[in-house]
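K.L.:
I need the structure of the sequence given here:
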Amino acid sequence: MNRERDASTAVNGLEELFLTNPGISLDAISKAVVDEACRLTGSRAGFAGYTDPFTGRLMAAARTDKTQKKRRGKTEPFVSPEFNKLWARVLKGKKPLLSNSVPPGRGAAGHSRDGIKTGKFLVLPALSGRKQLGLLALANPRGGDYSATQLKTARQMARAYAIILKRKLAEDLQRREHESILAIIASSQDIIYSADMEGKIVYASPKVAAYGYRPKELIGRSIFELVHPGDRDFAVKALAKARKTGRTLPMISYRLRKKDKGYFFMEQKSGIIMSGGVPALITGVARDVGKKLSAAALLKENEAILRSIFETSKDAIFIKDLSGRYIKLNKACADVFLLKPEAALGKTDADILPPKVAQEVVKDDLEVVRTGKTITRTYDRTLPSGKYYFSTVKTPLRDAGGKITGVLGVARDITNVKKAEAELAEFRAAEAMSEVARPLAHDINNALAVINGHATLIDDDINDSGQIKTGIAQILNAVKWAAELTSRFQYFARNPKPRCGTAKEIKAALG
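P.N.:
Prediction:
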């Protein structure tokens, strides 16, 4: 009973060590496991190792008592790509190995790399289901052969090691994915911002630093303070029209002030976030177009935007209010619920998801609102549209005064990476076929968007029905006609028909 209690205490101690030390390394965990296993089983030697997910090699830490330290001279983990030793059978077969009499010259037997003669040897796999995560190896028990109690204790330690390894490896993977997402955002060449419908900025991306600003110092300021005086009236009218109609112009361009001196030309694409059926926020992506030196540079930047849109459009994006009701969600998110976006508005997770899943989602939302911090989670979800594996980031949404008004979330379906890569390859093939037609269609379409925006604003300011009003109407009709022609041309630019077969046939031919 005492030995069983000691084993249970040791397992709890290992779990506490892992949970109370978020930054603990796999090597430190492995050392703690082998030390406890040797102590509980009376083994004089041993090591615990995990399979490195990137190299496939066994990373192992040996027992670290005074005798071992003196004989080895160091306790750093070692990497072994060899599979000709007895413990390699456990890695391959995923089954325990016990030998109370091992002939010399078999790798694990005889004199080990630590100078210890090994005659009795026990190796247990650390399994998660059928997946081999590592192993626990012990040797030379005090008092003779390994007893049934010692074997049971060793199995407990191997199971605890497997559980900790699974969680630690998953956390490390999630951390690397999160760091990659942050790196992509930090390296963006565009300014991304959000403002309320009066023009007060509620969010500004790190790119504003290129123009002398810190993101925090822009929060709460009016965007019109930064607009060139010659463009300010146009910007005010554009926002007023968006507030009235709930829609933004396809593209607008104006000059923004740098913090120190001067202005820069920018093109902006934006959208409206609705709340309670009325416009609540305007979000924009502003690109500095003053630095474009040639058509080649313009083409390269446009390709980068298209790739970014393509790669991120499959992420589920949503906004909830403090009551947990969806006030905005994109099509990718609505598709997961088997609903149209407008049908999901106003609903809660309890209205859409299975009860258990809804409870877990609400728990995370409450944590974001309570702590005011961003959280990252990885979920295995069974939803109305099927089974998914999501990497989700949730962050508090604040108003101009800093008060939390809801939760913004982005969920990435990481089970479809291979499919996305195949679609991206097909997209790039189409891009190569249309590299001559695309830039021309894109530039014409942008020019028409700017003409249409200015003409629309001028038309709104004219109340009579004179020749100017008629002329503006003709301009708008001409822009519409030209846009239809450009749309056909742009469709060809983005969707060229290959001569060697259909897109499906080309994809099959490429394997």
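
K.L.:
residues in contact with residue 176?
P.N.:
Going by Cβ atoms under 8 Å, 6 or more residues apart in numbering, residue 176 touches no other residue. Placement of C-beta: from N, CA and C, glycine included.

K.L.:
typo on my end, it should be residue 376
P.N.:
Contact analysis of residue 376 by Cβ under 8 Å, 6+ apart lists 174, 178, 391-394.

K.L.:
can I assume residue 156 is in contact with residue 9?
P.N.:
No: Residue 156 is not in contact with residue 9 according to Cβ atoms under 8 Å; the separation is 11.1 Å.

K.L.:
more neighbours: which of these two?
P.N.:
Neighbours per residue (other Cβ atoms under 10 Å) separate residue 156 from residue 9, with residue 156 holding more: 18 against 12.

K.L.:
which phi and psi does the more buried one have?
P.N.:
The phi and psi values for residue 156, taken as degrees, to the nearest 10, are phi -60, psi -40.

K.L.:
how about it: what's its closest non-neighbour residue?
P.N.:
Closest residue to residue 156 apart from its sequence neighbours, by Cβ to Cβ, 6 or more residues apart in numbering: residue 7 at 5.1 Å.

K.L.:
what's the answer for residue 391, then?
P.N.:
Looking at residue 391 with Cβ to Cβ, 6+ apart, the closest residue is residue 412, at 4.7 Å.

K.L.:
neighbours of residue 477, how many?
P.N.:
Per other Cβ under 10 Å, the neighbour tally for residue 477 reads 10.

K.L.:
let me fix that, I meant to ask about residue 471.
P.N.:
Residues lying near residue 471 (other Cβ under 10 Å) number 14.

K.L.:
quick one: it and residue 454, what's the gap?
P.N.:
Between residue 471 and residue 454 the distance is 13 Å, computed by Cβ to Cβ, to the nearest Å.

K.L.:
CA atoms only: put stretch 467-479 into PDB for me.
P.N.:
Taking Å, rounded to 0.1, in the frame of the first residue of the first chain, the C-alpha atoms of stretch 467-479 are listed here in PDB:
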ATOM      1  CA  GLN A 467     -27.600  70.000 -67.000                       C
ATOM      2  CA  ILE A 468     -25.000  69.300 -64.200                       C
ATOM      3  CA  LYS A 469     -27.300  66.700 -62.700                       C
ATOM      4  CA  THR A 470     -27.900  65.200 -66.100                       C
ATOM      5  CA  GLY A 471     -24.100  65.200 -66.800                       C
ATOM      6  CA  ILE A 472     -23.400  63.500 -63.500                       C
ATOM      7  CA  ALA A 473     -26.000  60.800 -64.300                       C
ATOM      8  CA  GLN A 474     -24.400  60.200 -67.700                       C
ATOM      9  CA  ILE A 475     -21.000  59.900 -66.000                       C
ATOM     10  CA  LEU A 476     -22.400  57.300 -63.500                       C
ATOM     11  CA  ASN A 477     -24.100  55.400 -66.400                       C
ATOM     12  CA  ALA A 478     -20.800  55.400 -68.400                       C
ATOM     13  CA  VAL A 479     -18.900  54.200 -65.300                       C
END
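
K.L.:
identify the residues contacting that stretch?
P.N.:
Contacts to stretch 467-479, defined as Cβ under 8 Å, 6+ apart, come from residues 448, 451-452, 455-456, 458-459, 462.

K.L.:
now do 7 Å
P.N.:
Applying Cβ atoms under 7 Å, 6 or more residues apart in numbering, the contact partners of stretch 467-479 are 448, 451-452, 455, 458-459, 462.

K.L.:
are any of those residues buried, and if so which?
P.N.:
448, 451-452, 455, 458 (16 or more other Cβ atoms under 10 Å).

K.L.:
and those, which two are the farthest apart?
P.N.:
Maximum pairwise distance in the buried ones among the contacts of stretch 467-479, criterion Cβ to Cβ, is 15.6 Å, between 448 and 458.

K.L.:
what's the closest non-adjacent residue to residue 242?
P.N.:
residue 248 (4.8 Å).

K.L.:
try residue 236
P.N.:
Closest to residue 236 by Cβ to Cβ, 6+ apart is residue 224, at 6.3 Å.

K.L.:
okay but the one you found is in contact with residue 234, surely?
P.N.:
No: look at residue 224 against residue 234 with Cβ atoms under 7 Å: they stay out of range, at 10.7 Å.

K.L.:
where does the stretch 301-450 of the chain dip in pLDDT?
P.N.:
301-313, 416-442 (pLDDT under 70).

K.L.:
let's see that with 80 instead.
P.N.:
Residues of the stretch 301-450 of the chain that meet the criterion pLDDT under 80 lie in 301-314, 379-390, 413-450.

K.L.:
mind listing the strands for it?
P.N.:
In the stretch 301-450 of the chain, the strands defined using DSSP state E, counting those that start in this stretch lie at 316-321, 326-329, 375-383, 386-398, 404-413.

K.L.:
quick one: closest of those strands to residue 48.
P.N.:
Between the strands of the stretch 301-450 of the chain, strand 375-383 lies closest to residue 48; by Cβ to Cβ that is 25.6 Å.

K.L.:
run the chain-centre distance for the closest one.
P.N.:
Put simply, strand 375-383 sits 12 Å off its chain's centre (Cα atoms, centre = their mean, to the nearest Å).

K.L.:
and for stretch 34-42?
P.N.:
Offset of stretch 34-42 from its chain centre (Cα atoms, centre = their mean): 40 Å.

K.L.:
how about residues contacting that stretch?
P.N.:
Outside stretch 34-42, the residues that touch it by Cβ under 7 Å, 6+ apart are 6-7, 10, 14, 43, 46-48, 61-64, 136, 138, 141-143, 150, 153-154, 157.

K.L.:
just the buried ones out of those residues, please.
P.N.:
Here, 16+ other Cβ under 10 Å leaves 7, 10, 14, 43, 46-48, 61-63, 136, 138, 141, 150, 153-154, 157 buried among these.

K.L.:
just those residues: which are in strands?
P.N.:
Counting by DSSP state E, the buried ones among the contacts of stretch 34-42 place 43, 46-48, 61-62, 136, 138, 141 in strands.

K.L.:
what's the lowest-pLDDT member of those?
P.N.:
In this model, the minimum pLDDT among these belongs to residue 62 (72).

K.L.:
isn't that residue right up against residue 49?
P.N.:
No: with contacts counted by Cβ under 7 Å, residue 62 stays clear of residue 49, the gap being 9.4 Å.

K.L.:
in stretch 314-322, what's buried?
P.N.:
Buried, per 16+ other Cβ under 10 Å, within stretch 314-322: 314-321.

K.L.:
number of residues surrounding residue 12?
P.N.:
Per other Cβ under 10 Å, the neighbour tally for residue 12 reads 11.

K.L.:
with only the CA atoms kept, save the helix or strand containing it in PDB.
P.N.:
In this assignment (DSSP states H and E), residue 12 forms part of helix 2-20. This file holds the C-alpha atoms of helix 2-20, laid out as PDB (Å, rounded to 0.1, in the frame of the first residue of the first chain):
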ATOM      1  CA  ASN A   2       2.800   2.400   0.800                       C
ATOM      2  CA  ARG A   3       4.500   1.800  -2.600                       C
ATOM      3  CA  GLU A   4       1.100   2.400  -4.400                       C
ATOM      4  CA  ARG A   5       0.700   5.600  -2.300                       C
ATOM      5  CA  ASP A   6       4.200   6.700  -3.200                       C
ATOM      6  CA  ALA A   7       3.600   6.100  -6.900                       C
ATOM      7  CA  SER A   8       0.400   8.000  -6.800                       C
ATOM      8  CA  THR A   9       2.100  10.900  -4.900                       C
ATOM      9  CA  ALA A  10       4.900  10.900  -7.500                       C
ATOM     10  CA  VAL A  11       2.500  11.100 -10.400                       C
ATOM     11  CA  ASN A  12       0.700  14.000  -8.800                       C
ATOM     12  CA  GLY A  13       4.000  15.700  -8.200                       C
ATOM     13  CA  LEU A  14       5.000  15.400 -11.800                       C
ATOM     14  CA  GLU A  15       1.600  16.800 -13.000                       C
ATOM     15  CA  GLU A  16       1.900  19.700 -10.500                       C
ATOM     16  CA  LEU A  17       5.500  20.300 -11.800                       C
ATOM     17  CA  PHE A  18       4.200  20.600 -15.300                       C
ATOM     18  CA  LEU A  19       1.100  22.700 -14.500                       C
ATOM     19  CA  THR A  20       2.800  25.200 -12.200                       C
END
